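>>> return a 3D structure for these sequence lines:
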Amino acid sequence: MRLLVVLIITQCLVYSSAVLQSFDHAPNQDGSLSFLVIGDWGRNGAYNQSQVAFQMGVVGEQLDIDFVISTGDNFYDNGLKGIDDSSFHHSFTKIYTAPSLQKQWYNVLGNHDYRGDVEAQLSPVLSNLDNRWFCSRSYIVNAEFVEFFFVDTTPFVDKYFTQPEDHVYDWRGIRPRNHYISNLLKDLDMSLKQSNAKWKIVVGHHTIRSAGHHGDTEELVNHLLPILEANNIDLYMNGHDHCLQHISSLNSEIQFLTSGGGSKSWGGDVSWWKPEEMKFYYDGQGFMSVHVIETELNIAFYDVFGNVLHKWNTSKQLHSTL
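As a prediction, the model looks like this:
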């Protein structure tokens, strides 16, 4: 029997000097953990969202997954209008219907989510409507030998504040912005330093390294990446660019993994990248799987037909007991 902690959030997290709120998700009895990663999806089933969801169900059953991670932009184009917005049903509950996907979903917010009522996505009302749903701004999921650090990346990006164009962003709980970001970075750094997990995985919406349409997010390169490098994380997983990609780092062991192919993709929109770093790029729809045990981590990318496009694995030695 797996232990799946029921997450109940009574209010959105407001950052102070406290460390990030942490939740437990026990691994399987055999010491393994399997999950899917999907991003940029919520379009009422359109742009092949339903087809991607179907293949996620197939792969989810094959891998007997424990949960799903969403890398943000959960509802297009402008988030949810409120807790009673029917898009929650038509873009989430009605789409991801496979038995294997009836597991916990750990979600982060994307920039499109910030264009709507952010607090609706954070509300426990949605969890009551569909108990798979969990969304918070930034938080930690502790699965013993692997620890996940979910980071709210949208407030880092300057242009959403200085060049909002025709979009209105919901900044409740964010201002003063500099205070919010400073405390978040401090809390993240402290939590990473205190972590005893064998594997450290950070999840955010925005890219750090990307050959896609948006490219690198400079604010994250300048402020978040140094913390990730200093704390020797293993994976940074994101969405935002509507593609699938795997970029390695020449400066650290970090692998940058984009899973933003949940619905509408940007075919042909790719920039040149250093071949020694670019392991894989696909400009269509799809998703990613991760299987991890204490000594080994495996990832795979799938297209809308369920074909495996790219695999990668790495290993670590067991901790010595001497």
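
>>> could you dump stretch 50-64 to PDB, C-alpha only?
Taking C-alpha atoms only, stretch 50-64 is exported to PDB below (Å, rounded to 0.1, in the frame of the first residue of the first chain):
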ATOM      1  CA  SER A  50      -6.800  15.100 -25.200                       C
ATOM      2  CA  GLN A  51      -4.400  12.900 -27.300                       C
ATOM      3  CA  VAL A  52      -1.500  13.700 -25.000                       C
ATOM      4  CA  ALA A  53      -3.700  12.900 -22.000                       C
ATOM      5  CA  PHE A  54      -4.600   9.500 -23.500                       C
ATOM      6  CA  GLN A  55      -0.900   8.600 -24.000                       C
ATOM      7  CA  MET A  56      -0.100   9.800 -20.500                       C
ATOM      8  CA  GLY A  57      -2.700   7.300 -19.200                       C
ATOM      9  CA  VAL A  58      -1.100   4.500 -21.200                       C
ATOM     10  CA  VAL A  59       2.400   5.200 -20.000                       C
ATOM     11  CA  GLY A  60       1.200   6.000 -16.500                       C
ATOM     12  CA  GLU A  61      -0.300   2.500 -16.300                       C
ATOM     13  CA  GLN A  62       2.900   0.900 -17.700                       C
ATOM     14  CA  LEU A  63       5.100   2.600 -15.200                       C
ATOM     15  CA  ASP A  64       2.500   2.400 -12.400                       C
END
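
>>> buried ones in that stretch, by neighbour count?
Residues of stretch 50-64 classed as buried: Ser50, Gln51, Val52, Ala53, Phe54, Gln55, Met56, Gly57, Val59, Gly60, Leu63 (neighbour count, 16 or more other C-beta atoms under 10 Å). Where C-beta positions appear, they are placed from N, C-alpha and C, glycine not excepted.

>>> kindly reformat the residues you listed as JSON lines containing pLDDT and distance to Ser32.
Below are these laid out as JSON lines (pLDDT from 0 to 100; distance: C-beta to C-beta, whole Å):
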{"residue": "Ser50", "pLDDT": "98", "distance to Ser32": "29"}
{"residue": "Gln51", "pLDDT": "98", "distance to Ser32": "28"}
{"residue": "Val52", "pLDDT": "98", "distance to Ser32": "25"}
{"residue": "Ala53", "pLDDT": "98", "distance to Ser32": "24"}
{"residue": "Phe54", "pLDDT": "98", "distance to Ser32": "25"}
{"residue": "Gln55", "pLDDT": "98", "distance to Ser32": "22"}
{"residue": "Met56", "pLDDT": "98", "distance to Ser32": "19"}
{"residue": "Gly57", "pLDDT": "98", "distance to Ser32": "20"}
{"residue": "Val59", "pLDDT": "98", "distance to Ser32": "16"}
{"residue": "Gly60", "pLDDT": "98", "distance to Ser32": "15"}
{"residue": "Leu63", "pLDDT": "97", "distance to Ser32": "10"}
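
>>> and the furthest pair within those?
Spatial extent of the buried residues of stretch 50-64 (C-beta to C-beta) is set by the pair Ser50 and Leu63 at 20.5 Å.
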